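Enquirer: take a look and give me a structure for this.
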Amino acid sequence: MGGYGKEINWENESHVFFLNANYIPMPKLEMAGTISYTIGKAEMDDMVFYASEDPFDLDGYSFENLTGVENFSDLDYRMLELEMAATYHIRNNLSFTLNYWYADFEDDEPYVYGDLDGDAYSVTGFITYRF
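Expert: Model (predicted):
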């Protein structure tokens, strides 16, 4: 029997390793750092569809065109993320924060959106006023 009416198994496995540290070097300054590493894998059983099993009768549509769709669900990636933040308390209700974030993504099983290898970073700063 093909994919229709058949149980399809999709195995998904993800491991995340995470470390966070906070430090207050002086009463008005708080610092924090985070590192995380993610490993993800997923795989679906083969799916074969036959036109004779098609539950819909639509012009220009064939159920067997879905054969091979399981290849779009294979995942094999690793991601490293680093984040550092510093907050300076100007007054009890006013502070300034500077934040840096970096991510490196390695995709060993390109799928729907193609090869997603790459890295990204952002630097943000903001002022917080509490009232």
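Enquirer: do you know how far residue 25 is from residue 100?
Expert: 17 Å (C-beta to C-beta, to the nearest Å). From N, CA and C alone the C-beta is placed, and that goes for glycine too.
Enquirer: of those two, which one has the most company?
Expert: Shown here are residue 25 and residue 100; by other C-beta atoms under 10 Å, residue 100 has more neighbours (15 against 9).
Enquirer: what sits closest to the residue nearest in space to the middle of the chain if chain neighbours are left out?
Expert: Central residue of the chain (C-alpha atoms, centre = their mean): residue 79, 8.2 Å from the mean position. Spatial nearest neighbour of residue 79, excluding adjacent residues (C-beta to C-beta, 6 or more residues apart in numbering): residue 38 at 4.5 Å.
Enquirer: residue 17 now?
Expert: residue 37 (4.7 Å).
Enquirer: now do that neighbour, the pLDDT please.
Expert: At residue 37, the model reports a pLDDT of 98.
Enquirer: re earlier: shouldn't the residue nearest to the centre of the chain be in contact with residue 103?
Expert: Yes - with contacts counted by C-beta atoms under 8 Å, residue 79 reaches residue 103, the gap being 6.4 Å.
Enquirer: tell me who's in contact with residue 85.
Expert: Residues in contact with residue 85, defined by C-beta atoms under 8 Å, 6 or more residues apart in numbering, are 31-33, 97-100.
Enquirer: looking at these, which is nearest residue 17?
Expert: Nearest to residue 17 out of the contacts of residue 85 is residue 33 (C-beta to C-beta; 14.7 Å).
Enquirer: partner residues bridging that closest one?
Expert: Beta-bridge partners for residue 33, by DSSP bridges, are residue 21, residue 84.
Enquirer: what bridges to the spatially closest residue to residue 124 that is not a sequence neighbour?
Expert: Once flanking residues are discounted, residue 124 sits nearest to residue 99: 4.8 Å by C-beta to C-beta, 6+ apart. With DSSP bridges as the criterion, residue 99 is bridged to residue 85, residue 124.
Enquirer: for residue 99, give me its contacts.
Expert: 83-85, 122-126.
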